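>>> Below are the sequence and a predicted model; questions follow.
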Amino acid sequence: MKFKSLLFLSFWILFLAISCDKDDITFDAPSQELRFSRDTVFCDTVYHQVRSETYVVKVFNNEDKDVMIPRINLEKGAASLYKINVDGKTGHDFQNVPLRKKDSLYIFVEIAPQATGPEAIAEDRVLFTTGAGQQHVTLFSVVQDAEFFIKTPTNPNVITTDATWSSNKAKIIYGDLTVNTGVHLNIQPGTKVYFHKNSGMKVSAGATLDINGTATDQVIIRGDRNDTYYDTIPRNWNSIKMEASSVLNMNHTRLFGGTRGLDMKQTTATIKNSFIHTFQEYGIYAVASTVKAENLVMNNCGESCIGIFYGGNYTFTHATIANYSATMNDRSRMGIFATNEWTNDNGQIVYNALQNLSILNSIVYSDRESSVHLEQVGTSQFNYLIQNSLIKYSDLSGAGFMFENNPTNSIIQSIKNQDPRFMNYFTAKMNLRVKADSPAKNKGDVTVANTVPTDIVGVSRTTSPTLGAYQ
């Protein structure tokens, strides 16, 4: 019994000691500035009434004492479009927030705004008022009004009649969106089309997709995560799948960030003044299609910027096809891959004539051994012409060109394996213009250049044309 009494007394003394220690904690006014994990929170672009991702700011107390922060508040108060959570509590104004020495607290930030127009800026500041002065963290986001296309078990997400998309609202696509057979979808200048993860578009047989950007008002097609981190990584969405006998007309468009860009089967496509980059597999995947492209810029595609299968008819004039990547170094990363072979949907290997592949006044280059890989299998027709172009390839007997039947083809007035000297070939700050001392300067054929008399930014190239999309 005596032992139990002593044990009880010991626990009681320990409890009192802890209680007294807790009561003795004092929080002083900060005498130094607080430190933050970031001074600006750039929120992902958000859409009308859609809550953003949650962003985190850590606040550090570097002092060797416990401090009491007198006030943490949103500068715009209750009228702010932002909401913050400070140390587990939600609101817009917090008084006397304790912060232990050498410790930190979390502030969570999100926004769910009302859009007042096609695009606006939402900005506010989180203010920290202490004895050491006032500090702040800036909150910044772009807000867009949006129209949603959401596939559900009861909504197949199909456009059944001719439609025009204007720039007054961003288009957000969840799941696959189908343009029905024979339907014409017209996308006007400045329109922004965003695909959610694992989403895409299918343009059915006989349907037409017109993407009509201008030099000053591009059409943007990308994933729906607009944080700049996602500008340089692929697989944020699937592809635009063009079915047999569909038609694509694309001008002044920037298409990027998916698994495949244009996934075409027996499609007729005209592509002008456009950027296609950052796809896990192919920027253009074409099966027995007819493609005419001019002033086309491509980069950063895992398998190849352009993949041509089962033949077809292709002309690339004043194209800049680079393939450099900081994220897909383990992949093939070719510029152009072309073959007359294809494995169809039934698993059968089939062959079809490559009637024409013309690469004119263009650049096809990367950090791989060969950027052009042409592979003829069997006896099907396989015709190509590379004229006044700068290309990287191994010898005709090597990996760059493989033929079983040695067709008559031509490489005319072209430059082999000389660095084009791009301004910046990585996609974070991509600038595929060539420097003044580039071997591509003024090496184009004038007759070819006159068929595309201005470059991708509207500069004349009718005299001394430079290879690629930029004069």
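Yes, it's here. Numbering: from 1, shown residues only.
>>> For the helix or strand harbouring L432, buried residues please.
L432 belongs to strand 431-434 when assigned by DSSP states H and E. Neighbour counts over strand 431-434 (16 or more other CB atoms under 10 Å) mark L432, R433, V434 as buried. From N, CA and C alone the C-beta is placed, and that goes for glycine too.
>>> contacting residues for the last one?
Meaning V434. I363, P420, R421, F422, M423, A440, K441, T466, L467, G468, Y470 (CB atoms under 8 Å, 6 or more residues apart in numbering).
>>> ditto for the second one
When the contact criterion is CB under 8 Å, 6+ apart, the partners of R433 are F422, M423, Y470.
>>> mind running it again at 7 Å?
M423, Y470 (CB atoms under 7 Å, 6 or more residues apart in numbering).
>>> so what's it scoring on pLDDT?
You'll see R433 listed with a pLDDT of 97.
>>> any idea how far S246 is from it?
Distance, R433 to S246, using CB to CB, to the nearest Å: 33 Å.
>>> before we move on, the earlier item: neighbouring strands of the strand holding L432 in the sheet, and parallel or not?
strand 422-424 (antiparallel) (DSSP bridges).
>>> quick one: average confidence on the partner strand?
Rounded mean pLDDT across strand 422-424 is 95.
>>> Can you mark which positions in that strand are buried?
By neighbour count on 16+ other CB under 10 Å, the buried set for strand 422-424 is F422.
>>> Would you mind pulling the contact partners of that strand?
By CB under 7 Å, 6+ apart, strand 422-424 touches A322, M430, N431, L432, R433, V434, K435.
>>> quick check, nearest of those to T138?
M430 (27.4 Å; CB to CB).
>>> need the next SSE after the helix or strand bottoming out on mean pLDDT in the chain, C-terminal direction.
None of the helices or strands of the chain scores lower by mean pLDDT, DSSP states H and E than helix 2-23, at a mean of 49. Once the chain leaves helix 2-23, the next helix or strand it forms, by DSSP H and E, is strand 35-36.
>>> Measure how far that next one is from the centre of its chain, please.
In this view, strand 35-36 has its centroid 31 Å away from the chain centroid, taken as CA atoms, centre = their mean, to the nearest Å.
>>> What helices and strands are in contact with that strand?
With contacts taken as 3 or more CB pairs under 7 Å, 6 or more residues apart in numbering; DSSP states H and E, strand 35-36 sits against strand 55-60.
>>> export the one helix or strand I220 maps to as CSV, just CAs?
Following DSSP H and E, one finds I220 within strand 219-223. Written as CSV, here are the backbone C-alpha positions of strand 219-223 (Å, rounded to 0.1, in the frame of the first residue of the first chain):
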residue,chain,number,x,y,z
VAL,A,219,-5.5,29.2,-80.5
ILE,A,220,-4.1,27.3,-77.5
ILE,A,221,-4.7,23.6,-77.0
ARG,A,222,-3.2,22.0,-73.9
GLY,A,223,-3.9,20.3,-70.6
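>>> List the pairing partners of it within its sheet, with orientation.
When DSSP bridges is applied, strand 219-223 pairs with strand 192-195 (parallel), strand 253-256 (parallel).
>>> Of these, which is nearest V446?
Nearest to V446, of the strands paired with strand 219-223 and by CB to CB, is strand 253-256 at 28.0 Å.
>>> Identify the residues contacting the closest one?
Counting by CB under 7 Å, 6+ apart, 211, 213, 218-222, 261, 274-278 sit against strand 253-256.
>>> do the same with stretch 192-208
The contact list for stretch 192-208 (CB under 7 Å, 6+ apart) reads 170-184, 187, 209, 220-224, 236-247.
>>> Please pick the buried ones from those residues.
Applying 16+ other CB under 10 Å to these flags 170-180, 183, 187, 209, 220-224, 236-243, 246-247 as buried.
>>> Restricted to strands, list the residues you listed.
Residues of the buried ones among the contacts of stretch 192-208 located in strands (DSSP state E): 170-174, 176-179, 187, 209, 220-223, 240-242, 247.
>>> on that earlier part again, the strand holding I220 vs strand 170-174, what angle?
Angle between the axes of strand 219-223 and strand 170-174 is 30 degrees (criterion: axes from the mean of the first three to the mean of the last three CA atoms, to 10 degrees).
>>> ok so, going back, which two from the contacts of V434 end up farthest apart in space?
Greatest spatial distance among these (CB to CB): M423 and L467, at 14.6 Å.
>>> How about the contacts made by D162?
By CB under 7 Å, 6+ apart, D162 lies in contact with V183, H184.
>>> And it, its phi and psi?
In terms of degrees, to the nearest 10, the main-chain angles of D162 are phi -50, psi 140.
>>> quick one: average pLDDT of the strand holding I220?
97.
>>> End to end on stretch 353-368, go ahead and measure it.
28 Å (CA to CA, to the nearest Å).
>>> you'd agree N186 is up against D210?
Yes: using CB atoms under 7 Å, N186 makes contact with D210 at a distance of 4.7 Å.
>>> ok, F128 touching V67?
No: the pair F128 / V67 is not scored as a contact, 11.3 Å apart, by CB under 7 Å.
>>> OK, contacts around the nearest residue to Y55 once chain neighbours are set aside?
Distances taken as CB to CB, 6 or more residues apart in numbering place V109 nearest to Y55, at 4.6 Å, with adjacent residues excluded. The contact partners of V109, taken as CB under 7 Å, 6+ apart, are V41, Y55, V57, Y82, I84, L139.
>>> so which strand or helix has V109?
Assigned by DSSP H and E, V109 falls in strand 104-111.
>>> Okay, buried residues for that strand please.
Buried positions in strand 104-111, judged by neighbour count with 16+ other CB under 10 Å: L105, I107, V109, E110, I111.
>>> and N295, how far is that from V459?
For N295, the distance to V459 - CB to CB - is 11 Å.
>>> nope, K76 is what I meant
Distance, K76 to V459, by CB to CB: 45 Å.
>>> more neighbours, these two?
Each of K76 and V459 has its neighbours counted (other CB atoms under 10 Å); K76 has more, 15 against 11.
>>> which one of the contacts of strand 253-256 has the most neighbours?
That'd be T278 among those, by other CB under 10 Å, with 30 neighbours.
>>> what angle sits between the one helix or strand that residue maps to and strand 219-223?
Assigned by DSSP H and E, T278 falls within strand 268-279. If you take the same axes, to 10 degrees, strand 268-279 sits at 50 degrees to strand 219-223.
>>> Can you list the neighbours in contact with strand 268-279?
The contact list for strand 268-279, computed with CB under 7 Å, 6+ apart, reads 232-234, 247-262, 283-284, 289-302, 427, 456.
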